[in-house]
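K.L.:
Provide a 3D model corresponding to the input given below.
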Amino acid sequence: MEMLGSILGLFPCFWDRTKAQVDYVRHLKENLKSLRTENEKLMALMNDLLRRVEDAEKRHMKRTERFVLWLKTVDVVIKEVHGIISQGEQQIQNTCLGRCHKNCWSTYKLGKKVITKSKALSTLISEGNFNEDELAYLLSPPKVDQISMDVPVGMDPLFEEAWSFIQDDAVHIIGIYGMGGVGKSTLLAKINNMLAETSHEFDFVIWVVVSSNPNVGTIQDKIAKKLRFPEDTWSRNEQQEKAGEIFRVLSKKRFLLLLDDLWDPLFDLQQVGIPPLQCNSKIIITTRLEDVCGGMGADKRIKVDCLGEQNAWELFKQKVGDEALYSQPQIEDQAKLVAKECGGLPIALITVGRAMASKKTLNEWNYALRVLKEFAWKFSKMEDKVLNLLRFSYDSLDGEMTKACFRYLSLFPEDYNFDKQKVIYIWMAEGFLTDGGLYMATQEGHHIIGELKRACLLEAESDECDIFRMHDVVRDMALSICSKDQNDKYLVQDWHRLTEPPPIPKWEIAKLISLPHNKIEQLEGEPNCENLLTLDLASNFLREIANDFFQYMPSLKVLDLSRNRELQELPKSLFKLTSLQILDLSRTGITELSPKFKKLQKLKFLGLSSTFRLEVITPQVVSSLSNLEQLGLDFSALSATSINELLDELESLKNLKHLKLVVNGKITLEKLSASEKLNEITYQLYITGRRGSSSLQLKNNNVLQRLTIYGCEDVEEVTVCCTRNDILRKVCFRDLSRVSIFECELLKDLTLLMALPNIRDLWIDHCPSIENIVGVGGGGASMVSGSIHALANLETLILRNLPALKYICSHALPFPRLTILRVHKCPELKRLPFDSNYDARKLTIRGDREWWDGLEWDDEAVPATLNPCFRPRNY
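P.N.:
Numbers count the residues shown, from 1 in each chain. I've put the predicted structure just below:
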């Protein structure tokens, strides 16, 4: 009975299990429907979660490991469920009238799977209840984002300089400046990408393009994107709140901020949220305006200049491609001329190079060269991609006066070397400058030239240099502006190889005519040019001008006949130009300054430089020109007596402010030195001829800018009348920057150089007795100190035909600004004044290979430093 009771007790368990097994079979259809429903719920949930995750990933977030694992499980289960559903549908189709299954055992197993997977789906749905933090987390931003860029050409020296500043803890702000399209952004991109490839200590490297109209909010948004601030909350913040968020993050990090294309010199970084630079954080800016570097407090400045000829050619070849370049034998030579027209400006080389990549005939290249020379703005894409880019710099100039002065300079010949003082006088004559007297106009002119230089629209060797030029492509931009201005009636045809002047009707409507660098030999007729203000006929082959040619030019103020060497006689009508203020006869063949010059009473500028046939200046002619302010008279055929007489007349000219003069005798120099007035206005002095003494002594002159001593055959030493205290205080020859000494056979002592604190350019040639330049002698420590002091600002040193020269200096000197050293035919010069500490990155040494290989070194580390600087003389 007990056993029977036990068996009967087990019966409910068997019944329950059996019932469940039976239900697997009986309710298969209903269970499959439930499985399908649960599967659809899970898939919908998965898709919803994926959309949320993908949205988070756009905000620089990453999926959590938990979600990734859940997703993998869901993927596996869903595939299994699809298989079960497919199998179940097939099984149901095999049912006899929906009641009798053909294979109960297989149906039972399938039914059990359906129930099991339904439970698994429910579990996954329950586990899929992720909140935002469980789905994805915010990624730490990469330190540097790579910038797309072309392969830079010729930028290695600039990059190395910038890289050294980045590594220098004392440098916080670096300013990179240069004209538009010169490669500033390319250099910045190279710096950025190098940081992406190398290890460094910056937590963030942030690139922001600022542009000419900076918007604080836009800049903040770019920084926020780099720092990965959540977009939804960031977009709701006010500008001040955004600045606070940026400040909060960056003040705790070491960052490098790259600001590209900055125009505002007083751009407020704190308004953006940039904290004061600490923890070795740095800022690098690129700009076209040097003033921006100053306004932003740049510790170091790097000027990006146009490419040299070789690098320019490499870049141009890269863009043209070999297929076009070598399609015909003569094309390569023409291509080099086309590349040269781009003036080394990378954006021009790239634009023109790409435009010429499909040109495979010589005629096409010839035509391109002609267009670039005559009307560059008409060349394919030149105006849109190059000239309009440069025009931003023009548009940013302050005031119409500055713009008018700039446009006027473009009317001078290509590659023209402008003399600052002459330009200012021309601007005055043209009425561009404020009518407030000579002093105010001169100051205003200097300010405008400085502004144009700092905007990189003009180029000069240095800030102090009085000679400057306009880049060819910048000039093309200015000419394109002039060509569209109906108020500017200009006739400009320079370098056109004209043998005859343009037709007279074209003259008669012009305000300015510029025809330099042609082959015009004769001027005939009587053009009626009532409105003509400026006439430039420099550098032609003029031999004859008709007597009445200037008869009807009553308004003419500026006349340039310079560099017409065969022009010996001036037409009578020239002396009827009663409005004339500027007359340049330099390098002409005139033989006399006749009494007729007295009629030119408004004359302010008279150029007579290098008039080698000028033998006579009629007495009282110069002294009658009471408004004369600047006179250039050097390298003429005038006798010492004539120059002595001229000095007396110059004394009487009350308005004379600027004098360039040659003195050719001891008495003449003494007379000039004795005149306090003339000594104070002599800016350039040329000393020549026998002195009757072995010593040449110069009186201190703090306005003298250029000194040339040549052909003083009996002079052995050149000294100055300055006290030692004046020399130490740097008040001797304060403005003297260029010294040239030629053909002085007995000259040995150059003590003169010890008293010149600001000399930048020194050229010594054909002086066979000179054995050293500075620093050899019995002066001991004071001599060493003096030589360092004298050459601290030296930039260019040219030594030629000095057979006895043994030393530049007997000891090493720092030469902090030296960029060019040229040596030719100095066989005894075996040592150079450099040591292993010398920073040679900016130095170029040119000389004969044989001389260079024969140099002797005390420290073997020095040639390793200097070898990259050397260029053979025929290079």
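
K.L.:
So for the closest residue to Ser737 other than its chain neighbours, what's the pLDDT?
P.N.:
Among residues not flanking Ser737 along the chain, Arg760 sits closest, at 4.4 Å (CB to CB, 6 or more residues apart in numbering). All C-beta atoms are positioned from the backbone trio N, CA, C, and that covers glycine. Arg760 carries a pLDDT value of 89.

K.L.:
Arg760 contacts Leu791, correct?
P.N.:
No: the criterion here is CB atoms under 8 Å, and Arg760 misses it with Leu791 at 10.1 Å.

K.L.:
Show me the shaky parts of the stretch 201-350 of the chain.
P.N.:
266 (pLDDT under 70).

K.L.:
Strands along that one, start to end?
P.N.:
204-211, 255-262, 282-287, 300-303 (DSSP state E, counting those that start in this stretch).

K.L.:
before we move on, back to that, next, count neighbours for the residue nearest to Ser737.
P.N.:
Other residues near Arg760 come to 20 when the count uses other CB atoms under 10 Å.

K.L.:
and if you look at Met477?
P.N.:
So Met477, with other CB under 10 Å, has 28 neighbours.

K.L.:
can I get the strands of the stretch 201-350 of the chain in a markdown table with mean neighbour count and distance to Phe733?
P.N.:
Compiled in a markdown table, the strands of the stretch 201-350 of the chain are given as follows (neighbours: other CB atoms under 10 Å; distance: least, CB to CB, whole Å):
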| stretch | mean neighbour count | distance to Phe733 |
| --- | --- | --- |
| strand 204-211 | 19 | 44 |
| strand 255-262 | 23 | 39 |
| strand 282-287 | 24 | 35 |
| strand 300-303 | 18 | 28 |
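
K.L.:
Turn the ones you listed into a markdown table, including distance to Ala460.
P.N.:
Below are those laid out as a markdown table (distance: least, CB to CB, whole Å):
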| stretch | distance to Ala460 |
| --- | --- |
| strand 204-211 | 27 |
| strand 255-262 | 23 |
| strand 282-287 | 18 |
| strand 300-303 | 11 |
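
K.L.:
tell me the strands in the stretch 401-550 of the chain, going along the chain?
P.N.:
So, for the stretch 401-550 of the chain - with DSSP E, counting those that start in this stretch - the strands run 418-419, 459-460, 467-469, 490-492, 512-514, 522-523, 534-536, 544-545.

K.L.:
cool, the stretch 51-200 of the chain as well?
P.N.:
61-63, 136-138, 173-177.

K.L.:
Could you save these as TSV and add columns showing mean pLDDT?
P.N.:
Output for these, formatted as TSV (pLDDT from 0 to 100):
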stretch	mean pLDDT
strand 61-63	81
strand 136-138	73
strand 173-177	93
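
K.L.:
Please identify the deepest-packed of the ones you listed.
P.N.:
strand 173-177 (a mean of 25; mean count of other CB atoms under 10 Å).

K.L.:
Minimum distance to Lys489: which of the strands of the stretch 51-200 of the chain has it?
P.N.:
Closest to Lys489 of the strands of the stretch 51-200 of the chain is strand 173-177 (CB to CB; 35.4 Å).

K.L.:
Just the CA atoms of that closest one, as PDB, please.
P.N.:
In PDB, the C-alpha atoms belonging to strand 173-177 read as follows (Å, rounded to 0.1, in the frame of the first residue of the first chain):
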ATOM      1  CA  ILE A 173      53.000  84.000 -28.800                       C
ATOM      2  CA  ILE A 174      54.500  83.600 -32.300                       C
ATOM      3  CA  GLY A 175      53.500  85.800 -35.200                       C
ATOM      4  CA  ILE A 176      53.800  84.500 -38.800                       C
ATOM      5  CA  TYR A 177      53.200  87.300 -41.300                       C
END
